[in-house]
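**Student:** Pasting the sequence and the predicted model now:
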Amino acid sequence: MSHRMAVTVICDGNRPDFVTDETTPVMASLKRAGTWFANQRGIFPSATRASSASIATGSHPLSHGLRGNCMGLPIDGGFEFHDAGKPEFFDTFRQHYGRMLARPAVSERVSGLHGAIIASNVSPGAAFFHDSYSHAHMYHRELCYAPGRMPTGETMKTSAGHEGDTVTTMRFIEALLEKRPSSATLWLSEPDVSMHAAPLGSDVHLAALAGADLLVGRVAEVVDRLRDEGHDVLFIVGSDHGHESVTEAIPVERRLFEAGFKTSLEGPDVLVAPQGCAAFIHFGGDSATRRVEAADWLRQQAWIGEVFMGEDLAALGQIPGDDLIAIDMAKAEGTNINGVPGLSAMAVRFDEEIGEVRRDCGMHGGRGPYETNPVLLMVGEGFEAGRLVQEESSITDIAPSIIRHLALPETDMDGRALQQN
Ligand SMILES: [Zn+2]
């Protein structure tokens with residue numbers, strides 16, 4: 001029996017201007033074989049863990065509930081720092097909110113059809129929040145599980161980078177052919193890993209792109225085979241966010257202490273949760289009443305782009321809070337040492353030195369034109385070959401497009417299906 005399927009490959013951090021015949025011939029040919037979304041937009045923050053939740057649920061953080069890559073959770077006298085990428089955060093989140101994500105993932109929606117598989121080589125948080133109620137077959141170095149989060153005993157010996165991406169891709173292909181799921185998602189760590197480690201446009205970056213492209217090609221061959229065997233496959237290749245190049249790193253929490261907004265440098269009253277080129281600042285304890293004053297001070301700093309509070313956050317699709325400010329770091333015109341456009345300052349908590357290491361390398365998380373412009377191409381029914389869409393689309397449109405392809409109800413999603421008819 002041949003049923004409809006959706007196969008999605010996310011090349012973490014990839015930028016549309018790096019999809020070329022020279023560097024990424026497979027993606028360039030898929031771009032011609034299907035529809036290319038030139039004005040694809042990410043969420044705020046343009047960071048992987050919250051974006052993974054948004055791609056899975058077709059919803060912004062305001063609707064699904066995972067604020068960012070890291071965040072503060074309340075404790076006595078203020079806030080405590082949590083990294084959403086860590087495996088233990090999955091349980092911390094559940095204990096704090098009494099639930100997982102507030103919107104169903106594609107994996108849950110397809111559980112009455114032929115189910116879902118997810119093979120991921122990014123952080124445990126990004127993988128698990130793609131399937132927060134554990135309806136999929138998951139292939140990840142932290143845990144391989146069957147639906148219901150039943151450990152399968154299988155181990156994936158992978159780490160971030162091309163080698164681990166290759167192992168993950170091979171396992172993905174095996175599971176795809178064996179299970180023929182309604183939805184199959186492969187999430188590669190590259191080119192993001194190399195973009196963080198080396199200047200954008202460098203040989204290291206270009207080699208990582210070529211490597212990711214090769215793996216997309218492996219999956220494309222399997223998609224062809226599934227189509228030959230009668231499956232109507234929607235093939236999606238995209239990324240979760242883009243990148244800017246780092247101009248400088250600002251220790252935001254240290255700066256707030258020096259300006260008198262914190263009682264001690266590492267105390268809990270004011271906590272900065274950096275999101276790369278953006279940050280959330282939580283105000284608790286005795287500092288809570290000084291939030292507006294701190295926002296005014298932040299707006300005067302040269303390293304700040306924009307400051308968001310209250311309903312401004314909701315307008316960005318982000319969860320507002322009386323104890324919260326979000327900042328987007330300052331963007332700059334021009335290019336990095338390799339002539340790649342898109343420059344931004346990045347936020348850290350305390351470390352003064354990191355800017356030297358990071359300069360010209362990639363970063364994301366904020367609202368810059370490149371970090372918020374991920375890749376999206378779709379090949380299949382409803383996506384005319386060679387069509388170029390200039391109209392804005394979003395990473396929240398991926399799930400609705402999968403759901404429409406599978407003829408399931410398009411409910412409880414912020415995004416919209418991108419099929420032409
Ligand atoms: Zn990244």
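**Tutor:** Cool, got the structure. Residues are numbered from 1 along each chain as shown.
**Student:** What's the first helix or strand after the helix ranked longest in the chain?
**Tutor:** Using DSSP state H, we find that the single longest helix of the chain is helix 203-228. Using DSSP states H and E, the helix or strand that follows helix 203-228 in sequence is strand 233-238.
**Student:** Would you mind pulling up the elements that that next one packs against?
**Tutor:** Packing contacts for strand 233-238, counted by 3 or more Cβ pairs under 8 Å, 6 or more residues apart in numbering; DSSP states H and E, involve strand 5-11, helix 25-33, helix 203-228, strand 376-379, helix 398-405. Using the backbone N, CA and C atoms, a C-beta is placed for each residue, glycine as well.
**Student:** Run me through the strand neighbours of the helix or strand just after the fourth one, direction for each.
**Tutor:** Counting by DSSP H and E, the next helix or strand C-terminal to strand 376-379 is strand 388-389. Taking DSSP bridges as the criterion, strand 388-389 sits next to strand 35-37 (parallel) in its sheet.
**Student:** returning to what we had before: closest one to residue 59 among the helices and strands packed on strand 233-238?
**Tutor:** Closest approach to residue 59 among these (Cβ to Cβ): helix 398-405, 7.9 Å.
**Student:** What's the mean pLDDT across whichever strand or helix holds residue 347?
**Tutor:** Counting by DSSP H and E, the element that carries residue 347 is strand 341-348. Rounded to a whole number, the mean pLDDT of strand 341-348 is 97.
**Student:** re the thing from before, please identify the most buried of the helices and strands packed on strand 233-238.
**Tutor:** Stretch with highest mean neighbour count among those: strand 5-11 (a mean of 27; mean count of other Cβ atoms under 10 Å).
**Student:** tell me the mean pLDDT for it?
**Tutor:** On average, strand 5-11 scores 98.
**Student:** Stretch 16-26 now?
**Tutor:** Stretch 16-26 comes out at a mean pLDDT of 98.
**Student:** Pull out the buried positions in it.
**Tutor:** Going by neighbour count (16 or more other Cβ atoms under 10 Å), the buried part of stretch 16-26 is 16, 18-19, 23-24, 26.
**Student:** After the lowest-mean-pLDDT helix or strand in the chain, which helix or strand is next? Please name it.
**Tutor:** When each helix and strand of the chain is scored by mean pLDDT, DSSP states H and E, helix 354-358 comes last, with a mean of 80. From helix 354-358 onward toward the C-terminus, using DSSP H and E, the following helix or strand is strand 362-363.
**Student:** And the contacts of that next one?
**Tutor:** Residues outside strand 362-363 that contact it (Cβ atoms under 8 Å, 6 or more residues apart in numbering) are 13, 192, 195-196, 199-200, 205, 243-246, 276-277, 344, 346, 371.
**Student:** domain ranges for this protein?
**Tutor:** The chain breaks down by automatic domain parsing into domains covering 4-66+101-242+372-405, 244-363.
**Student:** of all those domains, which lies closest to residue 86?
**Tutor:** Closest approach to residue 86 among these (Cβ to Cβ): domain 4-66+101-242+372-405, 6.4 Å.
**Student:** one step back: let me know which of the domains of the chain is tucked in deepest.
**Tutor:** domain 4-66+101-242+372-405 (a mean of 22).
**Student:** picking that back up, CSV please, covering the domains of the chain and showing distance to residue 83.
**Tutor:** Output for the domains of the chain, formatted as CSV (distance: least, Cβ to Cβ, whole Å):
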stretch, distance to residue 83
domain 4-66+101-242+372-405, 8
domain 244-363, 9
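**Student:** I'm done for today, thanks for sticking with me.
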